[in-house]
Structures are given as structure tokens and as C-alpha cells.
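# Sequence below, structure please.
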Amino acid sequence: MQKLVIYNHGKDSIPWGEKAIALAEVAKRQGFQFISPDYQPSNDPDWRVKQLLAIDLSAYQDIVLVGSSMGAYVATVASEIIKPKGLFLIAPAFYLPGYQRTEFKPHAERIEVFHGWQDDIVPPENAWRFCRQYRANLHVLDADHRLLSILPLMVDAFDAFLRKFIIS
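Numbering: from 1, shown residues only. So this is what the prediction gives:
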């Protein structure tokens, strides 16, 4: 059985932006396959969840879902069905107007969240609320919504996050 990381990009982002490329390099070094679905045809987060759930994952034993902003919402909602080993969430778009879900049932052995103090799109309080409720590891750093200024630190954390699945 194979190991897979699925990166879910944000609302106005692209499948292979800077974050996806950096995280893909880490995943591949650790023996994970890496895919990044293209959700650009729709900004409806629940349509994106359906697209993710339509992917055939039967060949994979260990799955890690990564999501940035709206993609974190998509990964978290889909985790209830996919049941990944881990959720790695970047500036998650939780508790926002226009999103169908305001309560979650994330299903993952480990959940790690990165958020920026300077995020003017999703308040850091939303990440704290989620992490408090689900006992997730939260890293709040001096960065904006995109978190590119702390990308090297996030890449190192992702490397450590994936190593936990190799060891366990």
C-alpha cells in the first residue's frame, strides 16, 4: 500500500503554488505520493469537498490531507469520510459566512494548524477556536493569510509531521 498527501488549495489560489511545491518536495523525500487537485472551476467549498471525495483512494493506506484557507475547510470536512492519518491545515477558513459547515468532526490521528497573527481574511481566533475544541496543535506566527513569510518554518514542521507517520 502506498502513502499519499493531498494538497487542497485555497479559494483564489492555484493547485501548484509556492506552498504546494514546497510541501510536495518534503512529501516526496519521505516516500509519499503528492497530488493537488484543481478546484479553480468553483469557489463553492462544498463542491470542492465533493470533488475530493470523488478521488479513488483505494490504493493508499496512509493518507495525509493538507489544506490552505478554503482548502483546509475542504480537507477537514472530507476527513470525516476519508479518515486520513493526519490533517495539516494552513490558515483554515473556519466559521466564515457563506460556508455551509460551522461544526466539524475531523477524523485524523494528528491535526496541526498554522495561522498568521496578521491574517485579515480569517481571524486567528477562528483557528484557536477549532484547535481548542479538537485538541489540535496550533502555531500562530507573525504572518499574513498566505503565510509565505514563514514558509521555511512551515515546511520544516510538515517534515516533522510526516516523520511521525513513518515512525508510528
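
# Specify the helix with the largest residue count in the protein.
helix 151-167 (DSSP state H).

# Alpha carbons of that helix, as CSV, please.
What follows is helix 151-167, C-alpha atoms only, in CSV (Å, rounded to 0.1, in the frame of the first residue of the first chain):
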residue,chain,number,x,y,z
LEU,A,151,7.1,29.1,4.6
PRO,A,152,10.5,27.6,5.5
LEU,A,153,9.3,27.1,9.1
MET,A,154,6.1,25.5,7.9
VAL,A,155,8.0,23.2,5.6
ASP,A,156,10.2,22.1,8.5
ALA,A,157,7.1,21.5,10.6
PHE,A,158,5.5,19.5,7.8
ASP,A,159,8.6,17.4,7.5
ALA,A,160,8.4,16.6,11.2
PHE,A,161,4.6,16.0,10.9
LEU,A,162,5.2,13.4,8.2
ARG,A,163,8.0,11.7,10.0
LYS,A,164,5.6,10.9,12.8
PHE,A,165,3.7,8.7,10.4
ILE,A,166,6.8,6.9,9.2
ILE,A,167,7.9,6.1,12.7
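
# chain center to that helix, what's the gap?
Computed by CA atoms, centre = their mean, to the nearest Å, the separation of helix 151-167 from the middle of its chain amounts to 13 Å.

# which helices and strands does that helix pack with?
helix 18-29, strand 60-68, strand 86-90, strand 110-116 (3 or more CB pairs under 8 Å, 6 or more residues apart in numbering; DSSP states H and E). All C-beta atoms are positioned from the backbone trio N, CA, C, and that covers glycine.
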